[in-house]
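Asks: sharing a model that was predicted from the sequence below.
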Amino acid sequence: MIELGRSAAWLPEVCVVTDVCRENKSTVTLELENSSSEPHSQPLAGQFHMLYAFGVGEIPVSFSRIESDKVAHTVREVGAVSKAIAALKPGASLGVRGPFGNSWSVSAKEHKHIVLIAGGLGLAPLRPLIERLWQESRKYEQILLLIGSRDPQSMLFTDDVTRWRTRIEVRRSVDSCQFRNRGDDWNESVGFVHTLLDRESELSKDTAAFICGPEIMMRHCAERLVELGVNSRQISLSLERNMKCGIGLCGHCQFGPDFLCKQGPIGNYHNLRPRLRIREF
Amino acid sequence: MKPFGSSIFQLLEKHPFFVSLSKEHLKILAGCGKNLHFQAGTFLAREGDPAAHFFVIRKGRVSVEIANPPAGTIAVQSLDESEIVGWSWLYPPHVWQFDVCATQETSVISLDGECLREKCEQNHELGFQLMKAFSRIMTRRLAATRLQLLQVYGASHD
């Protein structure tokens, strides 16, 4: 767990947006200067920042890219704050607190087979982990990345996917696909993302799985992985609740005994499974 | 489409879908089967046509789709290697409900549904085993389709 100094936890630091990339009609990636000079505050894959649009409000957003001198956050326009953040141009300022939360944990010593499953915007929090695995791909026997999306137009990071395919097996699927002329159509899979696992009759017992996306999607993917022989303790999910303070004090993101901003957002399916069935949570 | 030679019995025997069938049943099935090859863009089945066959994909990918004129075509599902295509042959009115198009070069085992229906009427154990096998697929695909319809990834960006 990363212990932040008082100022980093409470006071937004002003960061400059250095680049903006529109991923699709409603999703934008903002590149920010990584102003973290302290080693303890270097962000890790899976963690999040609280991003503050001045005069509008603050939301938690995971890191979609982590480099030594810059980080990126991918934001979908759904509410007032995310719309304000997505409208920022290069040179604009943004308030930043964090990084907060735990991180994706993977070790080539323990796991030779890796399955990553991303649904929709869930690809963004997995992206720093995918980049690391892509760089270290020789340490693993198999890395399988499954990506689900609403439709072909909503697919994120398509250039990255092309590059990842040089070392990682990537399968993509969309829920909906309409085309006018054959040849213009989507030439990958159509169906819910967990059907991409139907080709596997069994997965290795030393498989580690990492899932990020809507909770319904994560539940069904995790169950499918368990059916295929993956240990539920080796399945990591990234959950989302109403993160506010980011340091486990305010209680807005309470999920049973955990505060997801501090003990989460990532947890293993074995521990989370009973709570995922409680509707009131 | 053109047939190519291979032992249908051996292929079916190794396939997980037919694992619960006895050798006697597999021989009956193999007797109703033939290998076919489809070029990308050709149709294995057309909506409204008599459903006289079902297919086991050996290689390639097919798209289960429906025409939506004048907007174009909606693909509702893709099926890859080892998947089973079509159950309309088993249930009245024995008519294809969707188009099935090869989106890649695709090799299949085509099984004659009309022939098998007759065999199932004569051999109820074979019929029961096939019903069980198809029910498993239908249940799994129905559940997946329900999830697909939930729009869990949010609203359309169009």
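Replies: Yes, it's here.
Asks: CA only for contacts and neighbour counts going forward, please
Replies: Will do.
Asks: quick check: pLDDT value at the closest residue to B:Glu47 other than its chain neighbours.
Replies: Nearest residue to B:Glu47 in three dimensions, chain neighbours excluded: B:Phe98, at 4.5 Å (CA to CA, 6 or more residues apart in numbering or on different chains). At B:Phe98 the predicted local confidence, pLDDT, stands at 96.
Asks: pretty sure B:Phe98 sits against B:Arg46.
Replies: Yes: when contacts are counted by CA atoms under 8 Å, B:Phe98 is listed as touching B:Arg46 (6.4 Å).
Asks: ok, now which ones touch the residue nearest to B:Glu47?
Replies: B:Phe98 makes contact with B:45-48, B:64-66 under the criterion CA atoms under 8 Å, 6 or more residues apart in numbering or on different chains.
Asks: do A:Trp186 as well
Replies: If you count contacts by CA under 8 Å, 6+ apart, A:Trp186 has them with A:152, A:177, A:179.
Asks: what's the spacing between it and B:Val108?
Replies: Distance check for A:Trp186 against B:Val108: by CA to CA, to the nearest Å, it reads 22 Å.
Asks: same question, B:Leu79
Replies: Plainly put, B:Leu79 is 12 Å away from B:Val108 if you go by CA to CA.
Asks: kindly report the same for A:Arg171.
Replies: Taken as CA to CA, the spacing of A:Arg171 relative to B:Val108 amounts to 22 Å.
Asks: have a look at the two and say which one is more surrounded.
Replies: More neighbours sit around B:Val108 than around the other of A:Arg171 and B:Val108, counting by other CA atoms under 10 Å in any protein chain shown; the figures are 26 against 18.
Asks: so A:Cys261 versus chain B, what's the distance?
Replies: Computed as CA to the nearest CA, to the nearest Å, the A:Cys261 to chain B distance reads 22 Å.
Asks: if you could redo that for A:Arg163, that was the one I meant.
Replies: A:Arg163 is 23 Å from chain B, by CA to the nearest CA.
Asks: quick check on that residue: phi, psi?
Replies: Dihedral angles phi and psi of A:Arg163 (degrees, to the nearest 10) take the values phi -70, psi -40.
Asks: can you get me a residue count around it?
Replies: A:Arg163 has 11 neighbouring residues, counting by other CA under 10 Å.
Asks: neighbours of B:Val64, how many?
Replies: By the criterion of other CA under 10 Å, B:Val64 has 24 neighbours.
Asks: B:Asp80 is in contact with that one, correct?
Replies: No: in terms of CA under 8 Å, B:Val64 does not count as a neighbour of B:Asp80; the distance is 11.1 Å.
Asks: which parts of chain B are helices?
Replies: Counting by DSSP state H, chain B has helices at residues B:8-14, B:23-31, B:113-122, B:124-149.
Asks: so what does the residue nearest to A:Ser103 when sequence neighbours are not counted have for phi and psi?
Replies: If you skip the residues right next to it in sequence, A:Ser103 has A:Gly46 as its closest partner in space, 4.5 Å away by CA to CA, 6+ apart. Dihedral angles phi and psi of A:Gly46 (degrees, to the nearest 10) take the values phi 110, psi -20.
Asks: and A:Cys245, by the same measure?
Replies: Main-chain torsions, A:Cys245, degrees, to the nearest 10: phi -80, psi -40.
Asks: from chain B, how far off is it?
Replies: As judged by CA to the nearest CA, A:Cys245 and chain B stand 26 Å apart.
Asks: how many residues are close by that residue?
Replies: The local packing of A:Cys245 (other CA under 10 Å) involves 20 other residues.
Asks: ok, residues contacting the worst-scoring helix or strand of chain B on mean pLDDT?
Replies: Using mean pLDDT, DSSP states H and E, helix B:8-14 stands out as the lowest-scoring helix or strand of chain B, at a mean of 92. Under the contact criterion CA under 8 Å, 6+ apart, helix B:8-14 has outside partners B:18-19, B:23, B:26-27, B:29-30, B:33-35, B:109.
Asks: many thanks, we can stop here.
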